[in-house]
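Chemist: Show me how the following folds:
(one chain, ligands or ions: 1)
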Amino acid sequence: MSVDTHDQTLANIDDAIRTERDPERAMRRVVEVLKHQMPHYTWVGIYLLEGDELVLGPFLGKPSPHTRIRIGSGICGAAARERETIIVDDVNADSRYLACSLETKSEIVVPIMSGARVVGEIDIDSDQPAAFGDGDKRLLESVASLLAPVIGSSA
Ligand code: SME
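Modeler: Here you go, the predicted structure:
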């Protein structure tokens, strides 16, 4: 995906967050923009941290059985514990992986940080193997920075 597409996606997300006052609706708009503008993003969701669990918020794609994930569990829980973006090129080769859909081949999980504290995550699955690279990481870490104050105000 080109840098231009990433810039456009980020601009659309920035616009959605600025114009939407309700946190839940703002998060939903972000999920919609990412799902519609990035064709290789098959499942897009936002988890919010509640206590020591990640709780599924807005998402687009098949319903996931993993609506609550403990810190340290799955790739989502690992990213929350490490406070780092995790990219998995082949989910079936990663013992941490909690399956959401049989078609999923790769995944990226980006923590949403408020200072040093994890407040949520952006989780994206792709039906293509090794679908996520540095460009996706940069884009989604920028989106996470834009989302942090939105999520902070919804907690
Ligand atoms: N695959 C994630 C679980 C969430 S579903 O993909 C939506 C994980 O391993 O934590």
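
Chemist: what does stretch 57-77 rub up against?
Modeler: Contact with stretch 57-77 is made by 24, 27-28, 30-32, 35, 42-48, 52-56, 78, 80-81, 86, 88, 91, 94, 96-98, 100-101, 107, 109, 120-121, 123, 125, as judged by CB atoms under 8 Å, 6 or more residues apart in numbering. C-beta coordinates here come from the backbone N, C-alpha and C atoms, glycine included.

Chemist: hmm, 7 Å instead?
Modeler: 27-28, 31-32, 35, 42-48, 52-56, 78, 80-81, 86, 88, 94, 96-98, 100-101, 107, 109, 121, 123 (CB atoms under 7 Å, 6 or more residues apart in numbering).

Chemist: Tell me if that stretch is near the ligand.
Modeler: Yes - contact of stretch 57-77 with the ligand (CB under 6 Å from any ligand atom) involves 64, 66, 69, 74-76.

Chemist: Can you tell me which helices and strands the longest helix seen in the chain packs against?
Modeler: For the chain, the helix with the greatest residue count under DSSP state H is helix 134-154. Where contact means 3 or more CB pairs under 7 Å, 6 or more residues apart in numbering; DSSP states H and E, helix 134-154 is packed against helix 3-19, helix 23-37, strand 106-114, strand 117-126.

Chemist: what's the longest one in contact with?
Modeler: Right, the one you point to is helix 3-19. Identification of contacts with helix 3-19 by CB under 7 Å, 6+ apart yields 26, 29-30, 33-34, 37-38, 135, 139, 142-143, 146, 150.

Chemist: Mind doing that once more with 6 Å?
Modeler: With CB atoms under 6 Å, 6 or more residues apart in numbering as the test, helix 3-19 has contacts from 26, 29-30, 33, 37, 135, 139, 142-143, 146.

Chemist: Now that helix - C-alpha only, CSV.
Modeler: What follows is helix 3-19, C-alpha atoms only, in CSV (Å, rounded to 0.1, in the frame of the first residue of the first chain):
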residue,chain,number,x,y,z
VAL,A,3,2.5,6.1,1.4
ASP,A,4,-0.2,8.3,-0.2
THR,A,5,-2.9,5.8,0.7
HIS,A,6,-1.6,5.7,4.3
ASP,A,7,-1.6,9.6,4.4
GLN,A,8,-5.1,9.7,3.1
THR,A,9,-6.3,7.1,5.5
LEU,A,10,-4.7,8.9,8.4
ALA,A,11,-6.2,12.2,7.3
ASN,A,12,-9.7,10.6,7.1
ILE,A,13,-9.3,9.1,10.6
ASP,A,14,-8.0,12.4,12.0
ASP,A,15,-11.1,14.1,10.5
ALA,A,16,-13.5,11.4,11.9
ILE,A,17,-12.0,11.8,15.4
ARG,A,18,-12.2,15.6,15.3
THR,A,19,-15.8,15.7,14.1
